[in-house]
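1. Here is the input, now give the coordinates:
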Amino acid sequence: MALLLGACATTSQPGGSLYRQFGENEGLTALVDDLLARFADDPRIAPKFANTNIPRFRRLFVEHLCKVLDGPCTYTGDDMREVHTGLDISEAQFNAVVEHLIDAMQARGIPRTAQNRLIARLAPMRKDIIYR
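-> Alright, predicted model coming up:
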């Protein structure tokens, strides 16, 4: 998985900004809504959200993706290490989230090159998320 994510880092960016390729704020919100539904239906992931304020999480997740995609957003949440400390997210759970992200992006028709660029930008955060 890490090799795949690393290989994506050099993909070119045809068709405009990443933020635009993801449908700007409206597209990111729809993507996050799709992801939240997938997470809720996945017994590997759903328990990690048992005590989560979902409306707040949704808002911050959209902000975070917008910032990562060079959109005109300010991320107002905490850093990834702080957010995930105490959650003890396993590598399997992390990989399940990545699988859902890929499936949701494909379902939304996001260009593969844009998908790869997002994953490449998110991949370095792995170390701040698992086993915290």
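
2. any idea of the mean pLDDT for stretch 122-132?
-> Across stretch 122-132, the average pLDDT comes to 90.

3. cool, stretch 48-68 as well?
-> Stretch 48-68 comes out at a mean pLDDT of 95.

4. for the protein, what helix or strand is lowest in average pLDDT?
-> Sorted by mean pLDDT, DSSP states H and E, the helices and strands of the chain end with helix 2-7, the least confident at a mean of 40.

5. Please pull up the helix or strand immediately following it.
-> helix 18-21 (DSSP states H and E).

6. Now the element after that following helix, going C-ward?
-> helix 24-40.

7. helices or strands up against the helix or strand following that following helix?
-> The helix or strand immediately downstream of helix 24-40 is helix 54-68, counting by DSSP H and E. Helix 54-68 is packed against helix 24-40, helix 112-122, with contacts defined by 3 or more Cβ pairs under 8 Å, 6 or more residues apart in numbering; DSSP states H and E. In short, each C-beta sits where N, CA and C put it, glycine included.
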